[in-house]
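Asker: quick one, what's the 3D model for this:
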Amino acid sequence: MENIPQSSLLFVPFTINPYSVMVHILRPGKMFQDNPLLAQLKKQIQETLPKKEGTIKATDRGFGFLELDNSKDSIFIPPTYMKNVMHGDRVIAVIRTEKEREVAEPQELVEQSLTRFIGRVKLIRSRLHVMPDHPQLKDAIKARAIKGLNPESLKEGDWVVANLNNHPLDTTKDAKNKAFSCVVKEKITDSGDKIAPWWVTLARHNLPNAEPAPQESWSMLDEGLERQDLTHVPFITIDGESTKDMDDALYTEQKEDGSFDITIAIADPTSYIEVGNDMDKEARERGFTIYLPGRNIPMLPRELSDELCSLMENEKRPAICCRVNVSKDGVISDDITFFAAWIQSQARLAYDNISDLIENGECEALPQMTLSVSKSMFYTHLLMHAVTGAQTMRSYSQIAQITASNLAKTMMSSLFILTLAVLLTAWLKRQ
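Answerer: Okay, here's the model as predicted:
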């Protein structure tokens with residue numbers, strides 16, 4: 001003892017259970033955790049313990065499990081250790097036995113499950129917190145408002161978008177800050193907003209919640225493009241009763257051999273929007289019109305989508321057309337052509353009215369139609385039966401999946417877009 005420096009001695013004036021010391025050393029948040037000697041000892045001990053990587057699964061009772069990769073096994077995580085992780089985090093954990101049970105202590109963050117998220121404001125002792133809108137996340141996260149957003153404007157229950165900016169296991173951040181925290185990026189809407197679900201849905205998928213800004217005036221471009229004049233052809237549109245953005249129309253005729261010629265016309269906004277300008281870039285970024293119950297958020301300014309480019313009845317409009325021949329058995333020929341045209345819809349029909357006509361053989365609400373329009377509508381109905389029947393025989397479920405994927409990228413979806421997609425998909429699969 002005489003040769004041992006006093007500075008290296010640890011005097012303990014009472015009896016200590018060795019197991020208790022070990023548990024306190026290994027468990028963060030217990031006594032001695034700030035002692036540098038014990039911290040070094042803890043690190044040395046943990047380096048000798050096995051480690052496993054997996055995904056955190058939280059429970060409603062505070063504890064959780066480490067679900068291991070490529071295995072059905074999971075390892076228990078006590079509530080104390082769960083305070084440093086979230087459901088879905090990928091972590092590396094130290095594995096050891098406590099009280100005759102194998103437990104996992106998450107130590108290294110591989111990938112955090114929560115980054116940008118939707119939540120509701122919760123004021124705890126008048127301090128800003130955000131409760132994530134997630135069934136497995138039960139604790140409010142300490143928050144601050146981003147610069148430019150007045151925290152006084154955030155009330156209890158308001159919906160917000162937040163970013164998790166600190167994770168207890170993230171070693172790239174301030175080592176002293178060992179608690180979850182987030183930054184409120186924007187307010188979505190008030191807690192009492194009756195249509196909050198629509199705004200929350202848009203924010204969750206990072207979609208725009210307003211239409212593009214209008215322009216003072218619009219004029220058609222000098223495209224140098226030759227358009228066929230099909231204004232005499234009895235095209236029809238079928239949309240909802242209140243629809244204004246009628247973006248597609250079609251005309252079907254039956255030939256003597258029983259086959260069908262179908263022409264699908266899609267509204268052509270490129271006749272007003274120059275390639276590469278700001279409106280073109282915004283439309284490409286949006287990609288599609290968003291439909292919500294009782295409202296829509298168009299990809300284009302309403303002056304175009306609802307007026308100048310809408311295929312209104314008896315109005316001359318620019319369009320891109322596709323003409324296809326389909327046999328009476330639903331087989332699509334290889335002779336498919338695409339071209340620019342002028343069209344003029346001759347009948348504005350509604351889904352419900354057409355459905356009543358097909359199911360009941362009559363519909364009083366249908367407008368008066370010319371014979372040519374009636375024929376086109378009848379032949380379109382026959383064509384749909386032929387095509388869908390043929391595709392059912394050719395594993396229609398796979399084609400429908402491809403079609404649905406393509407539809408998500410189109411300007412707007414409707415019965416006629418579906419018709420075009422089915423026809424084109426079937427044709428491409430034959431190539």
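
Asker: where exactly do the strands run in the stretch 301-431 of the chain?
Answerer: 316-326, 337-344, 347-350 (DSSP state E, counting those that start in this stretch).

Asker: least reliable of those going by mean pLDDT?
Answerer: Of all these, mean pLDDT reaches its minimum on strand 347-350 (a mean of 88).

Asker: now do the helices in the stretch 151-300 of the chain.
Answerer: 196-204, 278-286 (DSSP state H, counting those that start in this stretch).

Asker: would you turn these into JSON lines with mean pLDDT?
Answerer: Putting those into JSON lines (pLDDT from 0 to 100) gives the following:
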{"stretch": "helix 196-204", "mean pLDDT": "95"}
{"stretch": "helix 278-286", "mean pLDDT": "92"}
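
Asker: mean neighbour count, those: which tops it?
Answerer: helix 196-204 (a mean of 16; mean count of other Cβ atoms under 10 Å). (Glycine included, C-beta is placed from N, CA and C.)

Asker: grab the nearest non-local neighbour of Leu304.
Answerer: In space, and not counting its chain neighbours, Leu304 is closest to Pro269: 5.3 Å by Cβ to Cβ, 6 or more residues apart in numbering.

Asker: next one, pLDDT for the one you found please.
Answerer: pLDDT, read off for Pro269, is 92.

Asker: that one: neighbour count?
Answerer: Pro269 has 21 neighbours, counted by other Cβ atoms under 10 Å.

Asker: ok, now how distant is the closest residue to Glu313 other than its chain neighbours from Ser219?
Answerer: Once flanking residues are discounted, Glu313 sits nearest to Arg348: 4.2 Å by Cβ to Cβ, 6+ apart. Using Cβ to Cβ, to the nearest Å, Arg348 is found at 26 Å from Ser219.

Asker: who's more crowded, these two?
Answerer: Legend: neighbour count by other Cβ under 10 Å for Arg348 and Ser219, higher for Arg348 (17 against 8).

Asker: picking that back up, ok, now which ones touch the residue nearest to Leu304?
Answerer: Ala283, Leu300, Leu304, Ser305, Cys309, Met411 (Cβ atoms under 8 Å, 6 or more residues apart in numbering).

Asker: looking at the residues you listed, which is nearest Gly240?
Answerer: Ser305 (14.5 Å; Cβ to Cβ).

Asker: tell me where the longest helix sits in the protein.
Answerer: Counting residues, the longest helix found in the chain (DSSP state H) is helix 371-393.

Asker: how far does stretch 282-300 stretch from start to finish?
Answerer: Distance across stretch 282-300, first residue to last, is 8 Å (Cα to Cα, to the nearest Å).

Asker: may I see the buried residues of it?
Answerer: Glu282, Ala283, Arg286, Phe288, Thr289, Ile290, Asn296, Ile297, Pro298, Met299, Leu300 (16 or more other Cβ atoms under 10 Å).

Asker: distance check, the closest residue to the third one other than its chain neighbours against Arg116.
Answerer: Excluding its sequence neighbours, the residue lying closest to Arg286 (Cβ to Cβ, 6+ apart) is Met299, at 4.7 Å. Distance of Met299 to Arg116, given as Cβ to Cβ: 23 Å.

Asker: just to revisit the earlier point, and the longest helix of the chain, what does it pack against?
Answerer: Applying 3 or more Cβ pairs under 8 Å, 6 or more residues apart in numbering; DSSP states H and E, one finds that helix 371-393 contacts strand 236-239, strand 248-254, strand 260-267, strand 316-326, strand 347-350, helix 415-430.

Asker: which of the strands of the stretch 301-431 of the chain sits closest to Met82?
Answerer: With respect to Met82, and counting by Cβ to Cβ, the nearest of these is strand 347-350 at 55.1 Å.

Asker: ok, how many other residues are close to Val275?
Answerer: Number of residues near Val275 (other Cβ under 10 Å) recorded here: 8.

Asker: try Lys99
Answerer: Neighbour tally, Lys99, other Cβ under 10 Å: 8.

Asker: try the one 4 residues further on
Answerer: Val103 has 19 neighbours, counted by other Cβ under 10 Å.
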